[in-house]
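Chemist: pasting the structure only:
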């Protein structure tokens, strides 16, 4: 498998991890992919100029940009949801009603 093939394979794995909300997995795969990209340009500097390699790198960039845009949308949605929860007094009251003693509840030891 060529470096470009491995890089594209990692890109697919990153996209799959992101789709499954496996942020840590996607991050680890991205770090591996970055290292392979460094290796590619260190050992094959002409890759960015060759027609076939250039087309693959253009696809990589488009897919990476698409993933970044989707992540930003997800981050914005999660941030808005977290803000709504933090600023809603009704949420705290509901939490207190649905627990034995609200935020002060202490876990009971297991019955023997």
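Modeler: Received it, and whenever you're ready, just let me know what you need. Here the structure is a predicted model, which is why all the values come from computation and not from measurement.

Chemist: average model confidence for stretch 68-83?
Modeler: Stretch 68-83 shows a mean pLDDT of 91.

Chemist: one more: stretch 19-32?
Modeler: 95.

Chemist: can you give me the buried ones in that stretch?
Modeler: 26, 29, 30 (16 or more other CB atoms under 10 Å). The way it works is simple: take the backbone N, C-alpha and C, and place the C-beta from them, glycine included.

Chemist: of all those, which comes closest to residue 2?
Modeler: residue 29 (17.9 Å; CB to CB).

Chemist: which element is residue 58 on?
Modeler: helix 51-86 (DSSP states H and E).

Chemist: sec struct for residue 99, please.
Modeler: Secondary structure assignment for residue 99 (DSSP: H, G, I helix; E, B strand; the rest coil): coil.

Chemist: would you mind measuring from it to residue 84?
Modeler: Distance check for residue 99 against residue 84: by CB to CB, to the nearest Å, it reads 20 Å.

Chemist: ok, now which ones touch the spatially most central residue of the chain?
Modeler: The C-alpha lying nearest the average C-alpha coordinate of the chain belongs to residue 23 (CA atoms, centre = their mean; 3.6 Å). Going by CB atoms under 8 Å, 6 or more residues apart in numbering, residue 23 touches residue 17.
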